[in-house]
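Q: The following comprises the amino acid sequence and a computationally predicted model.
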There are 2 protein chains.
Amino acid sequence: MNVVLIGSGNVATHLAKALKASGVQILQVWSKHFIHAEALASVTGARPIQHLSEIQTDADLCILSIKDDAITAVANELSHFKGTMVHTSGAVPIAVFKGMFSHYGVFYPLQTFSKGREIDFDTVPLCIEANDPETLQMLLDLGEQLSSRVSEVNSEKRRILHLAAVFACNFPNHLYALAAGLLGEYHLNFDLLRPLILETALKVQHADPQTVQTGPAIRFDEQSLEKHKALLSGDEHLKKIYQLLSESIKKTKK
Amino acid sequence: MNVVLIGSGNVATHLAKALKASGVQILQVWSKHFIHAEALASVTGARPIQHLSEIQTDADLCILSIKDDAITAVANELSHFKGTMVHTSGAVPIAVFKGMFSHYGVFYPLQTFSKGREIDFDTVPLCIEANDPETLQMLLDLGEQLSSRVSEVNSEKRRILHLAAVFACNFPNHLYALAAGLLGEYHLNFDLLRPLILETALKVQHADPQTVQTGPAIRFDEQSLEKHKALLSGDEHLKKIYQLLSESIKKTKK
């Protein structure tokens, strides 16, 4: 199995390393900025290419790991590619490739990747979709070389996962930031909250989050809720978030 | 050092085990329900007591680990106690004990404790407050036997921590529950989101949450935001939360 990689962002980088580690040959890397293609190519033993037209058309697989709104345009420039074409996006339907390639699909890793943080790729859920049974099997097989959490997920369900990931990742991180801001105002160190944040996430690795909900709202502890709102009286924005999420927690118990 | 423990909830239980493990003698345990006092006493080598009047008045320390709104009433029943009196609440000011005891303070572990989950107490931030320097030193020394994260925090700052903990723990957990609900509607397994949740919390163990914010809102990716809101069009409540938190994320960048 050999692969051409289009893109050099966080997803592309982590994916490239995982592919290499499991023995898949990465032939070429392209990036909008050639210097990034060179960097990623050098750690994966691939050849950096400057123009999409240089793509090796007989490679087994081409992975588009680029911004959602660039997928159509880049795929158009690669229409001479003969292998299987996939993208790695949570939100773009498989139909984006319809009529352009014979074999195509989606290879979506549901994780947040950052520069400078190692990820154990074996734990990354891979959501696979393909336009025919043989391509599906090929992508599932490849996925299983990289991760022990591979599943077939269609485009409709994938966009729900992508939306749910905002609630499970982007919004909690923002709430950490708001908490850090509150602490900063009172010259308190954010380290005081870090163990709590980690334990909260660890707790739901086995439990259903609804069953382990804690805090004043789930207890309908109106006295504490009022005290907290009074503390936030100088910050209408934080107070609004406090109010809406507390009401939402109460609703789940009704 | 010996201790009388009033309460048998999650905080009392985890604290009792940590005290015992570090060689502190727990003399007595009281609980509103005697059967709970017996259970906790049996694992900590203490004696369960049925009535507050039975408290050993010459113990070094009495720890009230009970509901916030019960602290005043229970402390009143223990006014004959001669040692140091502390509570473990984030929200109740130290002044609750004023005029009742000679030495008193607060011993607040900033963590979420649950039944059946072990906690490495060494990582639990302990926020200490006392009414005089000797008591403060005694409580700091005791804290350092249990945890490597002990700090002096006054009542005003402690209530800010308690509020910030709602943003850093209770609200994120609720967002996990909302994400789980979304997945459930589409027959998707919550396991798909668990690695993402954990990685999001791990990421901020060293980083500042603001600097690692991801998702469509921080990129001002209006197309994705509109798509997500369209997906939520049947659920005004979720849509409102999506809208408010996305706007809040955008604000942090302006």
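A: Yes, it's here. All of these numbers come straight from a predicted model, not from anything done at the bench. Residues are numbered from 1 along each chain as shown, chains lettered A, B, ... in the order given.
Q: how about the residues of the stretch 1-150 of chain A near chain B?
A: A:68-69, A:91, A:110-112, A:114, A:117, A:119, A:123-125, A:127, A:149 (C-beta under 8 Å from any C-beta of the partner chain). Using the backbone N, CA and C atoms, a C-beta is placed for each residue, glycine as well.
Q: what about the helices in the stretch 51-200 of chain A?
A: Under the criterion DSSP state H, counting those that start in this stretch, the stretch 51-200 of chain A contains helices at A:71-77, A:133-146, A:155-165, A:171-185, A:194-203.
Q: Run a quick neighbour tally on residue A:78.
A: As a burial measure, residue A:78 scores 19 neighbours (other C-beta atoms under 10 Å in any protein chain shown).
Q: shouldn't residue A:196 be in contact with residue B:170?
A: No. Using C-beta atoms under 8 Å, residue A:196 is not in contact with residue B:170; the gap is 10.0 Å.
Q: where does the stretch 151-254 of chain A dip in pLDDT?
A: Applying pLDDT under 70 to the stretch 151-254 of chain A picks out residues A:254.
Q: returning to what we had before: quick one: which two of the residues of the stretch 1-150 of chain A next to chain B are the most distant?
A: A:69 and A:123 (29.4 Å; C-beta to C-beta).
Q: which one among the residues of the stretch 1-150 of chain A next to chain B gets closest to residue A:243?
A: residue A:112 (28.2 Å).
Q: Relative to residue A:168, how far out is the closest one?
A: Per C-beta to C-beta, to the nearest Å, residue A:112 is found 10 Å from residue A:168.
Q: Can you name the residues that contact residue A:248?
A: Going by C-beta atoms under 8 Å, 6 or more residues apart in numbering or on different chains, residue A:248 touches B:174, B:178, B:237, B:241.
Q: And for residue A:17, the neighbour number?
A: Neighbours of residue A:17 under the rule other C-beta under 10 Å: 17.
Q: er, residue A:209 I mean
A: 24.
Q: Can you say which of the residues of the stretch 1-150 of chain A next to chain B are buried?
A: A:68, A:91, A:110, A:111, A:112, A:119, A:124, A:125, A:127, A:149 (16 or more other C-beta atoms under 10 Å in any protein chain shown).
Q: would CSV of these with pLDDT be doable?
A: What follows is those, written out as CSV (pLDDT from 0 to 100):
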residue, pLDDT
A:68, 93
A:91, 94
A:110, 97
A:111, 97
A:112, 94
A:119, 92
A:124, 98
A:125, 98
A:127, 98
A:149, 97
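Q: So which of the residues you listed are in strands?
A: residue A:127 (DSSP state E).
Q: JSON lines please, covering the buried ones among the residues of the stretch 1-150 of chain A next to chain B and showing distance to residue B:12.
A: Shown next, in JSON lines, are these (distance: C-beta to C-beta, whole Å):
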{"residue": "A:68", "distance to residue B:12": "51"}
{"residue": "A:91", "distance to residue B:12": "47"}
{"residue": "A:110", "distance to residue B:12": "39"}
{"residue": "A:111", "distance to residue B:12": "38"}
{"residue": "A:112", "distance to residue B:12": "37"}
{"residue": "A:119", "distance to residue B:12": "38"}
{"residue": "A:124", "distance to residue B:12": "39"}
{"residue": "A:125", "distance to residue B:12": "38"}
{"residue": "A:127", "distance to residue B:12": "44"}
{"residue": "A:149", "distance to residue B:12": "38"}
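Q: Pipe the helices of the stretch 51-200 of chain A into a markdown table and attach distance to residue B:192 per row.
A: Formatted as a markdown table, the helices of the stretch 51-200 of chain A follow (distance: least, C-beta to C-beta, whole Å):
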| stretch | distance to residue B:192 |
| --- | --- |
| helix A:71-77 | 22 |
| helix A:133-146 | 13 |
| helix A:155-165 | 6 |
| helix A:171-185 | 16 |
| helix A:194-203 | 15 |
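Q: tell me the most buried of these?
A: Counting by mean count of other C-beta atoms under 10 Å in any protein chain shown, helix A:171-185 has the highest mean neighbour count of those, with a mean of 23.
Q: from the chain's centre, how far out does it sit?
A: 22 Å (C-alpha atoms, centre = their mean, to the nearest Å).
Q: Give the other helices and strands that that helix contacts.
A: With contacts taken as 3 or more C-beta pairs under 8 Å, 6 or more residues apart in numbering or on different chains; DSSP states H and E, helix A:171-185 sits against helix A:236-253, helix B:155-165, helix B:171-185, helix B:194-203, helix B:236-253.
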